[in-house]
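Participant: Sharing a sequence plus its predicted fold:
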Amino acid sequence: MKIGLGLPNADKSVTKGRLLVDIARRAEALGFSSLATIGRVAYPNYEELVTLAAAAGATERIGLGTDILLAATREPVQLAKQAASLDQISGGRFVLGIGTGARPDDFAVTGTDFKTRGRRLDAALELMHSAWRGEPVPGTSHPVTPRPVNGRAVPLIFGGGADAVVRRVVKYGIGYTQGGGTPESLKPMMDRVNGAWTAAGRGGKPEFRALGVFRLRRREPPRGGVEPARLLRRVGTARLAGRDQDGRRSERAHQGVRGDRLRRADPFHNRAGGRAGRAAG
């Protein structure tokens, strides 16, 4: 099982964006497998694709991913162009994690309809894949995005628990991501995805990712909280390299259900809206 690190792009205490680039460099040096961002719109987070593009330019090997991005709040052709650009700029290290979203305010501020988000996401996925294949989209007779590194599509993973999520994983994705919870709660979704994957005749196996929250050597956050930016500068990213007891227990438990990747995030980062996009299909 591979261990990744959550970039604190949704933490209000990160007032200097260059800290995210520094964390990306140090995470790669420490051997983490990947970096992932949290996606919100109606929240003062650093935008995910911009953050990961900066991380891509500062690193060479570490994987990059959105976990997750609220695709139904975005214009699909522009999203396809952005994702394909990041895929190419990173040398194929990027995985686009997608969810429908569960917070109405993320849709209200973008002028998109909350109730039709699932249907619109399905239509957007079709349009994005057409663009990635180099096919013209409505309004032009020319390709509109760079071709993805693999020549077919930007790799996708999906979060959520609805039947529609399983269908999207099987039709478009390389796997599934769990936005928090226990390994025991991941196992039923793994069974559903694996069953649908096999029934559809897809080759290979789907990839499973999960978010595990850990503490930075503190029993409980002090009253009023601790600013992660200050805490990271003080203790250093080396403290995030799998040495805490909570993290080791989480790793062993996820290995027990045969997960592929575990993304570790501090509790302050998760509290900033980490489950925003996973509840709905």
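Facilitator: On my side now, so go ahead.

Participant: what about Tyr43, how many neighbours?
Facilitator: Residues lying near Tyr43 (other CB atoms under 10 Å) number 16. No exception for glycine: its C-beta is placed from N, CA and C like everyone else's.

Participant: can you give me the strands in this protein?
Facilitator: If you assign secondary structure with DSSP state E, the strands in the chain sit at 2-6, 34-37, 63-66, 69-70, 94-99, 156-159, 175-178, 207-213, 261-265.

Participant: need the ones you listed in CSV with mean neighbour count, can you?
Facilitator: Formatted as CSV, the strands of the chain follow (neighbours: other CB atoms under 10 Å):
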stretch, mean neighbour count
strand 2-6, 22
strand 34-37, 26
strand 63-66, 25
strand 69-70, 27
strand 94-99, 28
strand 156-159, 26
strand 175-178, 26
strand 207-213, 24
strand 261-265, 25
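
Participant: For Ala80, which of those strands is the nearest?
Facilitator: With respect to Ala80, and counting by CB to CB, the nearest of the strands of the chain is strand 94-99 at 9.6 Å.

Participant: Show me what the closest one is packed up against.
Facilitator: strand 63-66, strand 69-70, helix 76-89, strand 156-159 (3 or more CB pairs under 8 Å, 6 or more residues apart in numbering; DSSP states H and E).

Participant: would you list those in CSV and tack on distance to Val41 and mean pLDDT?
Facilitator: Compiled in CSV, those are given as follows (distance: least, CB to CB, whole Å; pLDDT from 0 to 100):
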stretch, distance to Val41, mean pLDDT
strand 63-66, 13, 98
strand 69-70, 6, 98
helix 76-89, 13, 98
strand 156-159, 16, 98
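
Participant: With distance to Arg119 as new columns, can these be given to me in CSV?
Facilitator: Conversion of the helices and strands packed on strand 94-99 to CSV gives the following (distance: least, CB to CB, whole Å):
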stretch, distance to Arg119
strand 63-66, 21
strand 69-70, 15
helix 76-89, 13
strand 156-159, 16
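
Participant: right, and these - which one's nearest Arg40?
Facilitator: Each of these was scored for nearness to Arg40 using CB to CB, and the closest is strand 69-70 (7.4 Å).

Participant: what lines up beside that closest one in the sheet?
Facilitator: The sheet places strand 69-70 alongside strand 94-99 (parallel), with pairing taken from DSSP bridges.

Participant: of the helices and strands packed on strand 94-99, which approaches Ala123 most closely?
Facilitator: Nearest to Ala123 among the helices and strands packed on strand 94-99 is helix 76-89 (7.6 Å), distances taken as CB to CB.

Participant: now the angle between strand 94-99 and the closest one, please.
Facilitator: In terms of direction (axes from the mean of the first three to the mean of the last three CA atoms, to 10 degrees), helix 76-89 departs from strand 94-99 by 150 degrees.

Participant: chain center to helix 76-89, what's the gap?
Facilitator: Taking CA atoms, centre = their mean, to the nearest Å, one finds helix 76-89 lying 15 Å from the centre of the chain it belongs to.

Participant: likewise stretch 97-117?
Facilitator: When distances are taken as CA atoms, centre = their mean, stretch 97-117 is centred 17 Å away from the chain's centroid.
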